[in-house]
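A.B. asks: for reference, the sequence and a predicted model appear below.
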Amino acid sequence: MRMSQLYSPTLREVPAEAEIVSHQLMLRAGMLRRSAAGIYTYLPLGLRVIRKVEEIIREEMNAIDGQEVLLPIIQPAELWHETGRWADYGDEMFRLVDRNNREFCLGPTHEEIITALIRSEVRSYRQLPLRLYQIQNRYRDEIRPRFGLMRGREFIMKDMYSFDRDEEGLDQSYWAAYHAYERIFKRCGVLARPVEADSGAIGGDITHEFMVLADSGEDLVLYCPDCDYAANVEKAECRPIESQAKDSALFKPVEEIHTPGSSTIEQITEFLKVKPEDCIKTLIYTADDKPIAALVRGDHTLNEIKLQKVLGCETLELADDETIHKLTGAPVGFAGPIGLDIPLYADYSITNMINAVVGGNKQDTHLVNANLGRDFTVTQTADLREGEPGDPCPRCEGHLVGARGIEVGQVFKLGTKYSSALNASFLDESGKECPIIMGCYGIGVGRTVAAVIEQNHDKDGICWPMSIAPYHVIIVPVSIKDQEQASVANAIYNKLEDAGVEVVLDDRNERPGVKFKDADLIGFPIRVTIGPKSLKQGKVEITMRRTKEQIALPVDDVVDHVVKLVKS
RNA sequence: CGGGGCGUGGCGCAGUUUGGCUAGCGCGCCUGCCUUGGGAGCAGGAGGCCGGAGGUUCAAAUCCUCUCGCCCCGACCA
């Protein structure tokens, strides 16, 4: 490809719309343009990278016996009604009607459609296991699209679905996908760490997310430097605290304190000159329409996912002001466990607290010296708080470290959630009808590209890994008007093309600085510079984008050397 | 959806508070000359109904009303 012909409009300045570096660089390098919020056009360079990532994914999916299919973007409402997700998905689903008023959606995911396909075709255990995957556009009307390809409303995703006859089969499928993912991200040149996660709305029990550690990541990951434990904060376990025999001699009498206007932990610690870890936060929730209270230490954050699991409820939300007032007799901010007549769920960390500060269930009132056992009891003690950096590792003696992560992939064991709802079953050897056991495995293709850039860039632009670079090499003649430079450049260009190297010749009549800047910005891993300085000695220069390492080689040796670099 | 902010040539911005504009600047773009090892220089030029619709006024980018779009902060997810 000749640079003069390549449609890759580079920008000198950073467009105002872009916040994070991957987004900025994709716009500046002429890979991407926005069409609407969260909806993008891929320009030639951007598309080439996307296609390369897809190809790596394809190879690894095929290697674990995945078979590629292409499921429809437009999906009929009926299927979604069968699983109940037509209602559950809410505003996040793009919905449309056809001329006959039939309802459809733009697929946000494809569990329904693939299970429907399978149920009519798979009847016997002989047809299992089966692993099908696709690489397809996905549509989610995100509340807040942002960060370019990181969180779009239209995005490309690879998803694989596995169908097995039993748990062992699912286990094999799951770990096959898990290990394939490790290979995929490694080949893409990005460090992705598998972490334990919550399965959220998709359902199922075991799940791992693949996180690319980057400051721009939207998730918080906790991991242990001493063992291989790593988890999303939403999942990270906190160790139970052994209940110690407390010396009741230390218990001081409960005392009521007037705390006007101090309704937050911050205000109370300020007002009473106590530490947050000496306070107990009492949070009133409505769980399946019934009120409950959750107690966590003042310096901790409640993890609603954990609470919901402990309660086993369908819905969980903070109670509204009116409900709180009715239950506690006080406005929001003064709830406490003493005398509160609803089920109380306490985090482990509450167990050994002595002489704690709690809300007084009365306006502008707190109680000090509250003690579990003496002054109040709880319905259940459990792991309810959000883990944080510095916590003891739940698996070893180490301590957790926090980092931000970009979720580029996730693997789920779905079990029979969809196969039961959609009646996808098979007959086993004994003729018994059994639901198919499913798993699903997603990779955000565009997000992976963005993550690669987040991890591979410098002040001048992108430093593509060879495996997914839009082109391997750019040839830059310092002056294309110089006959000798032009003919050497052309000769090398033709030979590299013949050798199967993906190469761009910068044939523009620009000053060298412009060409170097563009080459760095776009991020070609290898630059071949043809200029008068070296050419006098019959040499040209090869510069590695990432390391800036430069060598001069005789013109005749260049092609072989570059081919070697590309293949390595 | 709540909170904050922004819409002015392709990109980045000024001008809006205090109406007076024939709308300006840098980059990019076009022509020519010149230059060619890290975003050159000179000269000439093209390109904008100031997001849209109403209104106020002798006069609106500027004031008022209504809309649409976009960005950022929170709750969702690959």
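C.D. replies: That came in fine, so what should we check first?
A.B. asks: identify the residues contacting A:Ala346.
C.D. replies: By C-beta atoms under 8 Å, 6 or more residues apart in numbering, the residues touching A:Ala346 are A:294-296, A:337, A:372, A:378, A:380-382, A:384. Every residue, glycine included, has its C-beta placed from N, CA and C.
A.B. asks: identify the bridge partners of the residue nearest the centre of chain A.
C.D. replies: The centre of chain A sits closest to A:Glu407, judged by C-alpha atoms, centre = their mean, with a distance of 1.6 Å. Beta-bridge pairing for A:Glu407 (DSSP bridges): A:Met211.
A.B. asks: show me which residues of the stretch 1-150 of chain A are close to RNA strand B?
C.D. replies: When proximity is defined as C-beta under 7 Å from any atom of the strand, the stretch 1-150 of chain A approaches RNA strand B at A:10-17, A:19, A:28, A:34, A:36-38, A:92, A:138, A:140, A:142-147, A:149-150.
A.B. asks: so which of those are in helices?
C.D. replies: Among those, the members falling in helices (DSSP state H) are A:Arg28.
A.B. asks: what's the neighbour count on A:Glu256?
C.D. replies: 11 (other C-beta atoms under 10 Å).
A.B. asks: repeat for A:Tyr161
C.D. replies: Other residues close to A:Tyr161 by other C-beta under 10 Å number 28.
A.B. asks: look up how far A:Ala421 lies from it.
C.D. replies: A:Tyr161 sits 14 Å away from A:Ala421, going by C-beta to C-beta, to the nearest Å.
A.B. asks: any idea how far A:Glu510 is from A:Lys481?
C.D. replies: Noted for A:Lys481: a distance of 11 Å to A:Glu510, by C-beta to C-beta.
A.B. asks: of these two, who's got more company?
C.D. replies: The neighbour comparison of A:Lys481 against A:Glu510 (other C-beta under 10 Å) goes to A:Glu510, with 17 against 9.
A.B. asks: that's a helix at that one, yeah?
C.D. replies: No - counting by DSSP: H, G, I helix; E, B strand; the rest coil, A:Glu510 falls outside a helix, being coil.
A.B. asks: tell me the pLDDT at it?
C.D. replies: We have a pLDDT of 95 for A:Glu510.
A.B. asks: for A:Gly200, same thing?
C.D. replies: For A:Gly200, the predicted pLDDT is 64.
A.B. asks: check A:Ala214 too.
C.D. replies: pLDDT for A:Ala214: 89.
A.B. asks: check contacts around it.
C.D. replies: Contacts for A:Ala214 were tallied using C-beta under 8 Å, 6+ apart; they are A:404-406, A:451, A:454-455.
A.B. asks: go through the residues you listed and flag which are in strands.
C.D. replies: A:404-406 (DSSP state E).
A.B. asks: and the strands in the stretch 201-350 of chain A?
C.D. replies: A:207-213, A:219-223, A:230-232, A:255-258, A:280-287, A:290-297, A:316-318, A:344-347 (DSSP state E, counting those that start in this stretch).
A.B. asks: what about the second one, distance to the chain center?
C.D. replies: Taking C-alpha atoms, centre = their mean, to the nearest Å, one finds strand A:219-223 lying 11 Å from the centre of the chain it belongs to.
A.B. asks: list of residues touching the helix or strand of chain A with the lowest mean pLDDT?
C.D. replies: When the helices and strands of chain A are scored by mean pLDDT, DSSP states H and E, strand A:316-318 comes last with a mean of 80. With contact meaning C-beta under 8 Å, 6+ apart, strand A:316-318 is reached by A:283-288, A:304, A:307-308.
A.B. asks: again, 10 Å this time
C.D. replies: Strand A:316-318 is contacted by residues A:283-288, A:292, A:294, A:302, A:304-305, A:307-309, A:324, A:332 when judged by C-beta atoms under 10 Å, 6 or more residues apart in numbering.
A.B. asks: out of those, which comes closest to RNA strand B?
C.D. replies: Using C-beta to the nearest atom of the strand, A:Glu304 comes nearest to RNA strand B of those, at 6.9 Å.
A.B. asks: share the number of residues neighbouring the residue of the stretch 301-450 of chain A found nearest RNA strand B, please.
C.D. replies: The minimum distance from the stretch 301-450 of chain A to RNA strand B, using C-beta to the nearest atom of the strand, falls at A:Gly444 (2.9 Å). When neighbours are counted by other C-beta under 10 Å, A:Gly444 registers 25.
A.B. asks: just to check, it is in contact with A:Ile156?
C.D. replies: Yes - counting by C-beta atoms under 10 Å, A:Gly444 touches A:Ile156, with 7.7 Å between them.
A.B. asks: shared neighbours, those two?
C.D. replies: Common neighbours of A:Gly444 and A:Ile156 (C-beta under 10 Å, 6+ apart) are A:138, A:149.
A.B. asks: low-confidence regions, the stretch 151-300 of chain A specifically.
C.D. replies: Within the stretch 151-300 of chain A, the ranges that satisfy pLDDT under 70 run A:200-204.
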